[in-house]
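J.: Predicted model, plus sequence, below.
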Amino acid sequence: MLSLARPERPATETEQQQRLRGYLRFQTFDERARMHLEDQLRSRVAQGILPAELFQYAEDLLRFSKIIPPPPSTLERIVSSVAASGRQEILRQIAGRLTPAQREAIDGLLHVDESNGRSSLFQLKEYPPEASPASILTYVERSFLLPSLGVSQIDLAGFSTPLIDHLSQLARKYDAQTLKRFAADIRHAMLACFLADAQKTILDHVIAMHDQFLTTLFRRSRNSFEQRHRDFRRRAKRGVATLLEAMEILLDSQSDGEGAFRNLYRQVEEPALRAAMEDCREFKRLEEGGYQEELRSRYSHLRRYFPAFLKLPFQGEPGSNQLLAGISLAREMNEGKQQAIPLDAPVEFVPAAWRSALKHSDGAIDKRLWEISLSLAVRDALRSGDLYLPESRHHVSFSNLIYDEKRWEQDRRGAYEQLSLFHEGDQVVDHLMKEFEEVAGQTEKGMSNNAFASLHNGQLKLKHRDALEVSARVKELRRLIDSSLPRVRIEDLLRDVDTWCGFTREFRPLGGYEPRSGNVHATLVAALIAHGTNLGIAAMGQSAPGITVDMLQHLTRRDIESCQHHAGGLSSPTAAQRRLGTGRGLFLRRAALRDSAKLATGVVLPSLLRLL
């Protein structure tokens, strides 16, 4: 019987590590290395690197410098200390750029209204409800409130966008009472970043809600029109049959004049004839402009917010002149400067199918249909990018996303140095050609000894190696190894993987690194297993000794949700998701957390098993 012999003595892992370190010339982590590491970390913090990326940078720096890293807890304390002090300095720099008026306006947002118990800051943090005229008008007014506070004058130049977003999320995390207890500089700087981000977010919400409202408006109008169209189509079908019967009676009648009509009315009553005529006439009217009539009947709903919506600072790409002229004309009419739509008003944005119903019999333009067409054109132009808002995040001009010539001249040299590239294009081409010729020459010289490829008449020919035959003894040995592998508990496997790659470091609170103490690591592993295997935190809290359901819930909210935020997996809920109800919202939340936990149970574990 084939069996595996046990090792004669325990593994000499420590001795092997020492020999490898000596051979690779690795140094110990002493005070000098600590000071150098802290200096490098401070410079990275000053450049705007996020705390979540700082720990990985510290490990890479020590590895590149051939310095043996200290224990993870020690390295974590160093990184956390440098990140905290660096963030404090950045917050002081941002606060130093604020004017006294801006500071006063920011503090005013923290005032809690006694009538509803909410502050203005809380309202700016709210996610938009279902799109309705009242909710859209509320968010339009909030978009005008922020510029009045001087948000557009806040100077955040020189600070990276990820850093501003990080500070904005920190401010969003705290309520008004908690922010009041912060130091003035820290409070003002965090809220300044939040307001700069909120201005873009609110504008995006306004555009999205306008889009959703119009979609609902047109869908309801279409459904109502189609229902009326079906009803009158059946009535018109019966009416046509009645009218045809009446015409046949008249044509076949032998008498003339009144006698023919008396003969007709004896067979078909006059009210039935008139009802058939009205049904056919109404069906014809529906065919020609019934959908537009349904839209006109809902014009009052659009009118509740659309005048305020048009006050947003829209700008257009080349070719949007007619649409911008229409917006300008609508603004003048809303301000009372123009009473009626002039005959030469822009109508190019009106859908072609609506043109016939756009003008009245006297030639005047229908204001309701024209303004509905304008709202539809604005929505479509914002979707395509022909219309944009410079202060928005998602609806911004493409030219604002790229470097202008002045800014590029300022950042050009630093960008080339950071990418290790030449400053001139000709130098880059010459360098690439030289490298290519060197590599091609070396490859040609070594082709004679290449066991995998050869050159024949200038063509590359690959050599296929014969497959080795797997003997019966090798197959038996494989089966023996598979049967000898011990059973491994999933929590032990997660701990082993964590010692190799440290994936649990990614599950951090939003505020950065916090010292881990007590039973936090075991609780995190339990939470990952609970979410990743659908076991649930309730069942895990009852089966894991020393771990309660409250501990699992707290760690899930503090660490796993923060990991989802940084990874982009847990995005801001949309109005459509909120309309699904609380139960559906909890399901989506649970699904996002489960996906996060499957990072460990669904990706790391199979990779480990393949290695084994």
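T.: Nice, thanks for sending it over.

J.: how far away is Val206 from Gly326?
T.: As defined by C-beta to C-beta, to the nearest Å, Val206 lies at a distance of 19 Å from Gly326. The way it works is simple: take the backbone N, C-alpha and C, and place the C-beta from them, glycine included.

J.: ok, those two, which is more surrounded?
T.: Using other C-beta atoms under 10 Å, the more surrounded residue of Val206 and Gly326 is Val206, with 28 against 25.

J.: Need the pLDDT of the more buried one.
T.: pLDDT, Val206: 93.

J.: How about the one 3 residues further on?
T.: On the pLDDT scale, Met209 is placed at 93.

J.: now Arg9
T.: 53.

J.: Kindly report the same for Thr216.
T.: Note for Thr216: predicted pLDDT of 92.

J.: the domain parsing of this structure - what is it?
T.: The record assigns the chain these domain ranges, following automatic domain parsing: 13-96, 216-400, 405-462, 489-611.

J.: just so I have it, where are all the helices in the stretch 201-350 of the chain?
T.: Secondary structure of the stretch 201-350 of the chain, counting by DSSP state H, counting those that start in this stretch: helices at 258-267, 270-297, 299-303, 306-309, 321-334.

J.: all strands of the stretch 351-500 of the chain, in order?
T.: Ranges of strands in the stretch 351-500 of the chain, per DSSP state E, counting those that start in this stretch, are 387-388, 453-456, 459-462.

J.: As CSV, the ones you listed with distance to Arg92, mean pLDDT and mean neighbour count would be great.
T.: Formatted as CSV, those follow (distance: least, C-beta to C-beta, whole Å; pLDDT from 0 to 100; neighbours: other C-beta atoms under 10 Å):
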stretch, distance to Arg92, mean pLDDT, mean neighbour count
strand 387-388, 35, 90, 24
strand 453-456, 61, 80, 11
strand 459-462, 62, 80, 8
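
J.: Format those as CSV; extra columns: distance to Ser373.
T.: Converted to CSV, the strands of the stretch 351-500 of the chain look like this (distance: least, C-beta to C-beta, whole Å):
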stretch, distance to Ser373
strand 387-388, 15
strand 453-456, 66
strand 459-462, 63
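
J.: Can you tell me which of those is nearest to Arg238?
T.: If you check each of these against Arg238 by C-beta to C-beta, strand 387-388 wins as the nearest, at 48.3 Å.

J.: strands paired with the closest one, and their directions?
T.: Partners of strand 387-388 in the sheet, by DSSP bridges, are strand 315-316 (antiparallel).

J.: Run through who's touching the partner strand.
T.: 323-324, 381, 386-390, 397 (C-beta atoms under 8 Å, 6 or more residues apart in numbering).

J.: Can you tell me the closest non-neighbouring residue to Val151?
T.: Leu195 (4.8 Å; C-beta to C-beta, 6 or more residues apart in numbering).

J.: Centre of the chain to the helix or strand hosting the one you found, how far?
T.: Assigned by DSSP states H and E, Leu195 falls within helix 184-252. Distance of helix 184-252 from the chain centroid (C-alpha atoms, centre = their mean, to the nearest Å) equals 26 Å.

J.: the inter-axis angle of it versus helix 270-297?
T.: Put simply, helix 184-252 runs at 160 degrees to helix 270-297, going by axes from the mean of the first three to the mean of the last three C-alpha atoms, to 10 degrees.

J.: Thr556 contacts Ala527, correct?
T.: Yes - counting by C-beta atoms under 8 Å, Ala527 is a contact partner of Thr556 at 5.4 Å.

J.: Mind checking which of those two has more residues around it?
T.: Neighbour totals were compared for Thr556 and Ala527, and Ala527 leads with 27 against 23 (other C-beta under 10 Å).

J.: which SS class is the more buried one?
T.: Judged by DSSP: H, G, I helix; E, B strand; the rest coil, the three-state class of Ala527 is helix.

J.: May I have the phi/psi pair for Val347?
T.: Note on Val347: backbone dihedrals following degrees, to the nearest 10 are phi -130, psi 10.

J.: go on, Ile67?
T.: Here is the backbone geometry of Ile67 (degrees, to the nearest 10): phi -120, psi 130.

J.: residue ranges with poor pLDDT in the stretch 401-550 of the chain?
T.: The model of the stretch 401-550 of the chain has pLDDT under 70 over residues 401-407, 410, 413-414, 417-423, 464-467, 508-518.

J.: where along it do the helices fall?
T.: Using DSSP H, counting those that start in this stretch, the helices of the stretch 401-550 of the chain run over 405-418, 425-445, 472-484, 490-501, 520-532, 537-543, 549-555.

J.: hmm, back to that, which among the contacts of strand 315-316 gets closest to Lys66?
T.: Ser397 (48.6 Å).

J.: correct me, but the closest one touches Pro390?
T.: Yes - applying C-beta under 8 Å, one finds Ser397 in contact with Pro390, separated by 6.9 Å.

J.: neighbour count winner among these two?
T.: Using other C-beta under 10 Å, the more surrounded residue of Ser397 and Pro390 is Ser397, with 17 against 13.

J.: give the contact list for the spatially closest residue to that one that is not a sequence neighbour.
T.: The shortest distance from Ser397 to any residue other than its chain neighbours is 4.7 Å, reached at Tyr388 (C-beta to C-beta, 6+ apart). Neighbour list for Tyr388: 314-317, 382, 395-397 [criterion: C-beta under 8 Å, 6+ apart].

J.: That concludes my questions; thank you for your assistance.
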